[in-house]
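Colleague: Below: sequence and its predicted model.
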Amino acid sequence: MMNHAADPTTLNKIASSSWDFVTLQGQSQETSLGAAFLHADVHPFAKALCDSIRSAHPCAEPLFYLTWGRENGDASNCSASPWVCTYERMDSAIQHSYQELTDSNRCSLAPVGHVWRQFRRKWPGIGLYTSDGSHPNARGSYVAACTFYTLIFKKDPTAISFDHSLSPQIADSIRMLAKAYVYDSLALWDRSDNKADAAFQYSVNGLQVQFTADRPAQDSLFWDLGDGTTVSGSQPSHSYANAGSYTVRLNTYNCSDTTSSTQTVSIASQASAIEHSNKEITLYPNPARDEVKIESNSAVLDVEIWSALGRRLRLTQSSDRWLLPNISAGSYVLKITTVKGLLWRRIQID
C-alpha cells in the first residue's frame, strides 16, 4: 500500500471515475509481520488511500480484501517472525491485521481468507493454491469471486449458476461456504460509513414533539409524522393538534442506500398527564421554595420545571431531593422523566 498511496497513476485512477467500491489489498507478507511493521508501514498508507478515495468520491466505499496465509507458511520470514511458520498462524496474523485496518478506517471487509480457511478445514485434500503455494488456482479464485459478490451485492451466493471451470459439486460447496460465512453474517463485514441510518429519538412536551435523527449527516431525511404532515431535515419539531398515538416514519437516503424506521409517539393532553401522574408519583412540599422531594414507583431520571410562558429549567438532584432554581413565585409544571416514561405534575413556588 505504501507505493500506491503516493503513486500518481493510482491516485489519478481513483479520481478518474465515480467508483462504487475501491478495493485495497496488501501483499500477504506485509500484513502478517506483526504489529510494529503494520503500524509503521501499512496503517498510514492505508489511511491515506481511504482518505483519497473519500475525498474524490464521498459515496465511494474503500473495501479491504482479506487475503490468506501461504499454503505452508512463510519460510523466508519464519526465523524472524515465528508466527508465520505455519499456514494457520500466518493466516491468523493476516486476519487480525485486516480487522485492525477495517476498524480504524471505518471500512467494509471482503473476508476471502476467512472463507478460504473454512474450505481448507473441510476439504484439506482439495487445493486452492497454484504451484507457488501463494497465489490462487481456479478454486481459490472462485472462493474470492463468491465472497466479493456476496458482500458487494448483498445477495445469497447459492443462487449463482456460473461454475467457472469447476465441477458442480466443488462450485456448490464454495457457494455454500460463502453463504454461511459471509451472507449469513453480513453485519460483521459490511461496515460502510455510507449506509443509510433511520434510527431516531424524540421528546414530548405537551402537544409539541422534537424529533432528532441519530445520524444527521445523510443525503436526505424525510419524515411522515403520522397526522398527514411530512417534513425533511434532521431535527424537525412538530405541534400535533390533538392528543393521541401517531405512527412516525423516518425514511433516509445516503449514497445508494435507503432505509426506514417507525415509532409510535403517544401524546396525552397535559391535564390527563397530570392526572395520571398523581397516581404514579408524590412530591412534597407543595407549595415549595428551595427544593422538592419526589417519590415515584419507578426511578426518576430527570426533572424539568416549566413556566406558563414556556420557559424551561432543569433541576439538580441532591441526595433524594431536587433543588429548585431561583425563580419567581407562582404556578409551574414539573416534567418528570422516569424509567417508565414522562409524568407531569403541578407545583406552586412560594
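Modeller: Nice, thanks for sending it over.
Colleague: could you pull out the helices for the chain?
Modeller: Using DSSP state H, the helices of the chain run over residues 2-5, 8-16, 35-41, 43-56, 87-105, 112-122, 138-153, 168-181, 186-189, 270-280.
Colleague: could the ones you listed be laid out in a markdown table, adding mean pLDDT?
Modeller: Shown next, in a markdown table, are the helices of the chain (pLDDT from 0 to 100):
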| stretch | mean pLDDT |
| --- | --- |
| helix 2-5 | 88 |
| helix 8-16 | 93 |
| helix 35-41 | 88 |
| helix 43-56 | 93 |
| helix 87-105 | 94 |
| helix 112-122 | 97 |
| helix 138-153 | 97 |
| helix 168-181 | 97 |
| helix 186-189 | 90 |
| helix 270-280 | 50 |
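Colleague: Redo the ones you listed as CSV? Include mean neighbour count.
Modeller: The way it works is simple: take the backbone N, C-alpha and C, and place the C-beta from them, glycine included. CSV is the format used below for the helices of the chain (neighbours: other Cβ atoms under 10 Å):
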stretch, mean neighbour count
helix 2-5, 16
helix 8-16, 13
helix 35-41, 13
helix 43-56, 18
helix 87-105, 20
helix 112-122, 20
helix 138-153, 20
helix 168-181, 18
helix 186-189, 14
helix 270-280, 14
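Colleague: can you tell me which residues contact the residue most central in space within the chain?
Modeller: The residue lying closest to the centre of the chain (Cα atoms, centre = their mean) is residue 191, at 6.5 Å. By Cβ atoms under 8 Å, 6 or more residues apart in numbering, residue 191 lies in contact with 102, 106, 107, 108, 109.
Colleague: got a markdown table for these, with distance to residue 163 too?
Modeller: Output for the contacts of residue 191, formatted as a markdown table (distance: Cβ to Cβ, whole Å):
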| residue | distance to residue 163 |
| --- | --- |
| 102 | 30 |
| 106 | 36 |
| 107 | 31 |
| 108 | 27 |
| 109 | 26 |
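Colleague: out of the residues you listed, which are buried?
Modeller: 102, 107, 108, 109 (16 or more other Cβ atoms under 10 Å).
Colleague: would you list those residues in a markdown table and tack on distance to residue 76?
Modeller: Formatted as a markdown table, the buried ones among the contacts of residue 191 follow (distance: Cβ to Cβ, whole Å):
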| residue | distance to residue 76 |
| --- | --- |
| 102 | 27 |
| 107 | 29 |
| 108 | 31 |
| 109 | 27 |
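Colleague: From those residues, which land in strands?
Modeller: 108, 109 (DSSP state E).
Colleague: Just give me the closest of the buried ones among the contacts of residue 191 to residue 48.
Modeller: Ranked by distance to residue 48 (Cβ to Cβ), those are led by residue 107 at 13.4 Å.
Colleague: For that closest one, give its distance to residue 99.
Modeller: 11 Å (Cβ to Cβ, to the nearest Å).
Colleague: One more: residue 323?
Modeller: On the measure of Cβ to Cβ, residue 323 and residue 99 end up 48 Å apart.
Colleague: Next: residue 226.
Modeller: Distance from residue 226 to residue 99, by Cβ to Cβ: 42 Å.
Colleague: Once you drop chain neighbours, what's closest to residue 116?
Modeller: Spatial nearest neighbour of residue 116, excluding adjacent residues (Cβ to Cβ, 6 or more residues apart in numbering): residue 68 at 4.3 Å.
Colleague: actually residue 286, not the one I typed
Modeller: Nearest to residue 286 is residue 347, by Cβ to Cβ, 6+ apart, at 5.4 Å.
Colleague: contacting residues around the residue of the chain positioned farthest from its centre?
Modeller: Note on the chain: the largest C-alpha distance from the chain mean falls to residue 350, namely 49.8 Å (Cα atoms, centre = their mean). Residue 350 sits next to 287, 288, 289, 329 when contact means Cβ under 8 Å, 6+ apart.
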